[in-house]
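Chemist: need a 3D model of the following:
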Amino acid sequence: GITKKWNEGIIYCSEPTANLVHQNLGVEQKYLHPLPMNEPTIVSSKDKAVKVTLLDANHCPGAVMFLFEVGNRRILHVGDFRWNRDIML
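Modeler: So this is what the prediction gives:
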């Protein structure tokens, strides 16, 4: 799990999650990379450019869904989220 001894690489997350992980779990900020909400961001993965967009999961503060775009493929990674037709459609 994630503890203050974390050294396994960068954690991409939302700003609220980065704050919680640093303050509550003690992870060093050098491992935390908050991404902006609703703005595609290019990150590198195994020397490939991957476009990542954080979308509000409407679950709890900081909870997001990750939309990955690699070439012509789109992958939506979701964890816990609360469905709300007005927000999601």
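
Chemist: what is the mean pLDDT for stretch 69-82?
Modeler: For stretch 69-82, mean pLDDT is 83.

Chemist: got the contact list for residue 16?
Modeler: Counting by C-beta atoms under 8 Å, 6 or more residues apart in numbering, residue 16 makes contact with 61, 62. C-beta here means a position set from N, CA and C on the backbone, and glycine is covered the same way.

Chemist: equivalent analysis for residue 3, please.
Modeler: Contacts of residue 3 by C-beta under 8 Å, 6+ apart are 25, 26, 27.

Chemist: gap between it and residue 16?
Modeler: 20 Å (C-beta to C-beta, to the nearest Å).

Chemist: for the residue nearest to the spatial centre of the chain, give me the pLDDT.
Modeler: In the chain, the centroid-proximal residue (C-alpha atoms, centre = their mean) is residue 13; its distance is 3.1 Å. If you check residue 13, the pLDDT there is 94.

Chemist: okay, now the unreliable bits of this protein?
Modeler: 80-85, 87-89 (pLDDT under 70).

Chemist: list the buried residues for the longest helix along it?
Modeler: What stands out as the longest helix in the chain, according to DSSP state H, is helix 15-25. Neighbour counts using 16 or more other C-beta atoms under 10 Å place 17, 18, 19, 21, 22 of helix 15-25 among the buried residues.

Chemist: show me where this structure has its helices.
Modeler: Under DSSP H, the chain gives helices at 15-25, 85-88.

Chemist: adding distance to residue 7, write those helices out as TSV.
Modeler: Listed next are the helices of the chain as TSV, based on distance: least, C-beta to C-beta, whole Å:
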stretch	distance to residue 7
helix 15-25	13
helix 85-88	37
